[in-house]
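1. my questions are about this predicted structure, shown below with the sequence.
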Amino acid sequence: MPQAACPFCFRKVDTSKLAYQCTGHGSKPCEKSEDELRVQMTGNHAPSFPTFAAPTERGKQPICPKCGGVAKRRACPACHTAVPIGFVDSDSPMIGLIGSKGSGKTVLMTVLVKQLRETIGKQFMAAIKLTTDNPDGLGGLEAYKAHREDALFERGTLPSKTDWANAGNRRIPLVLEWQSTRTRMFGKTVPQSTILSFLDTAGEQLNSLEDTYSLDYIAACDSLIIALDPFAIPGARAKLNLPERAIQSTDGTPLHVIEHVTQMLRVELGVKNNKRIKLPVAVAFTKMDAFYRMMDRGNSIMNPPGRLPIYQEADGQAVHEQMRALLHDWNASDIDIHMSLNFDNFRFFGVSALGAEPDYAQETTAPGGIQPHRVEDPLLWILSKEGTIKAQ
Ligand SMILES: Nc1nc2c(ncn2[C@@H]2O[C@H](COP(=O)(O)OP(=O)(O)O)[C@@H](O)[C@H]2O)c(=O)[nH]1
Ligand SMILES: [Mg+2]
Ligand SMILES: [Zn+2]
Ligand SMILES: [Zn+2]
């Protein structure tokens, strides 16, 4: 039975037995109302049409109990949120993104989503779409575009502390559908969908054990991207001449963040102290643009990544080694040691979502605009581990 974590409530569900949700096209009008289960599991109060279990008899049509119409939309049986159609029968991996406050997660996600849609999709011949938990009307997508994408790319303003997706006490996962093909036996290709769910989880939320939503998320993840702020490493900061406003990470050094995540993973996944954690972890150092002027021309971190429809293993290895050397220079090899001792499968990445340093005090992007550099690398590495894309 195909199993996957629901991208909205993170419960593992059998994707061949999803619930149905009415779309209001019966012969009599159907009514939307707040769904108790949905509120309880995700905090979403938006009214929706009735969600009901799939008929158990084979060949029987899913009929809405309220209006008698045939339902076509599928929904999570645990939280009653409508899911992208590609989730049906899939065993999609769940990829988590965590890091401390100010490490650049919101900027990274916003730039990554646009980069995936506009560049990476073409590179991998994949259709990459953003879906939200609000499939009726485009409310969710429009809000995302206005508050996240346009704010950053058109108005050049950096995310505010009370971000759109973190407003109130409800956090909204960003859900992407990556549709491509997979080659079966005899060279036959079949369509394949991978659903990616990103919850922008701040370090301080990880600290409070009451935040079960974050913990459920971490526990459901098949792989993780940890965003680390190099500005929070004293030895790295000493090499720069940063204004005070650039220093935002408040909850400890990157080593503390990593140690905390390791402890949490050990508990959540039940990994004993004498075993390494198997879950693939991409450790992404953000804001690398601040160091570009100090790097040699030939440094792989500075090189443009390849544009072939494969994950380039040698290039990834080279960046990993360059990052290790930088950690050594920054007097932060303890991060490398900690990762080696605790994880079977990790890799370092050096990314820059903005591509150039912003005006930290004004909270605006550089006059030249946004030129993302290597933002997709961590995700591509993980997708190559999951088998969604090839590695070479
Ligand atoms: N130099 C540089 N600074 C960045 C970059 N991305 C984010 N920042 C800085 O880090 C701050 C926090 O970013 P944000 O994405 O809001 O962090 P979050 O709290 O982890 O979501 C921004 O206001 C910028 O000052 C980047 O690519 N380069
Ligand atoms: Mg944020
Ligand atoms: Zn769910
Ligand atoms: Zn109905």
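-> Good, I have the coordinates. Residues are numbered from 1 along each chain as shown. Ligands and ions are numbered 1, 2, ... in the order given.

2. would you map the strands across the stretch 1-150 of the chain?
-> For the stretch 1-150 of the chain, the strands defined by DSSP state E, counting those that start in this stretch occupy 3-5, 12-14, 19-21, 51-52, 73-75, 95-99, 127-131.

3. need these in TSV with mean pLDDT, can you?
-> Formatted as TSV, the strands of the stretch 1-150 of the chain follow (pLDDT from 0 to 100):
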stretch	mean pLDDT
strand 3-5	89
strand 12-14	92
strand 19-21	96
strand 51-52	96
strand 73-75	94
strand 95-99	84
strand 127-131	89
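
4. dump those to TSV, plus mean neighbour count and distance to Asp334.
-> All C-beta atoms are positioned from the backbone trio N, CA, C, and that covers glycine. What follows is the strands of the stretch 1-150 of the chain, written out as TSV (neighbours: other CB atoms under 10 Å; distance: least, CB to CB, whole Å):
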stretch	mean neighbour count	distance to Asp334
strand 3-5	20	32
strand 12-14	16	35
strand 19-21	24	48
strand 51-52	22	49
strand 73-75	23	46
strand 95-99	26	18
strand 127-131	18	37
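
5. how near is the nearest residue to Leu141 once chain neighbours are set aside to ligand 4?
-> Using CB to CB, 6 or more residues apart in numbering and skipping the chain neighbours, the partner closest in space to Leu141 is Thr132 (5.7 Å). Per CB to the ion, to the nearest Å, Thr132 is found 21 Å from ligand 4.

6. contacting residues around Thr132?
-> Applying CB atoms under 8 Å, 6 or more residues apart in numbering to Thr132 gives the contacts Gly139, Gly140, Leu141, Tyr144, Ile172, Leu174, Val175.

7. helices and strands of this structure: which one bottoms out on pLDDT?
-> Of all the helices and strands that make up the chain, helix 203-207 has the lowest average by mean pLDDT, DSSP states H and E, namely a mean of 57.

8. quick check: mean pLDDT of the following helix or strand past it?
-> Heading C-terminal from helix 203-207, the first helix or strand you meet, by DSSP states H and E, is helix 212-220. What helix 212-220 shows for mean pLDDT is 79.

9. go on, stretch 223-231?
-> 93.

10. gap between that stretch and the chain center?
-> Chain-centre distance of stretch 223-231: 12 Å, with CA atoms, centre = their mean, to the nearest Å.

11. can you flag the buried ones in the contacts of Thr132?
-> Gly140, Tyr144, Ile172, Leu174, Val175 (16 or more other CB atoms under 10 Å).

12. could you single out the nearest of these to ligand 1?
-> Proximity of these to ligand 1 (CB to the nearest ligand atom) peaks at Leu174, which lies at 12.4 Å.

13. find the nearest non-adjacent residue to the closest one, please.
-> Distances taken as CB to CB, 6+ apart place Phe198 nearest to Leu174, at 4.7 Å, with adjacent residues excluded.

14. same deal with Thr365?
-> Thr365 sits nearest to Gly156 (CB to CB, 6+ apart), 4.3 Å away.

15. could you do Tyr311 as well?
-> Ser384 (3.7 Å).

16. could you do Asn342 as well?
-> In this structure, Asn342 finds its nearest non-sequential neighbour in Thr262, 5.0 Å apart by CB to CB, 6+ apart.
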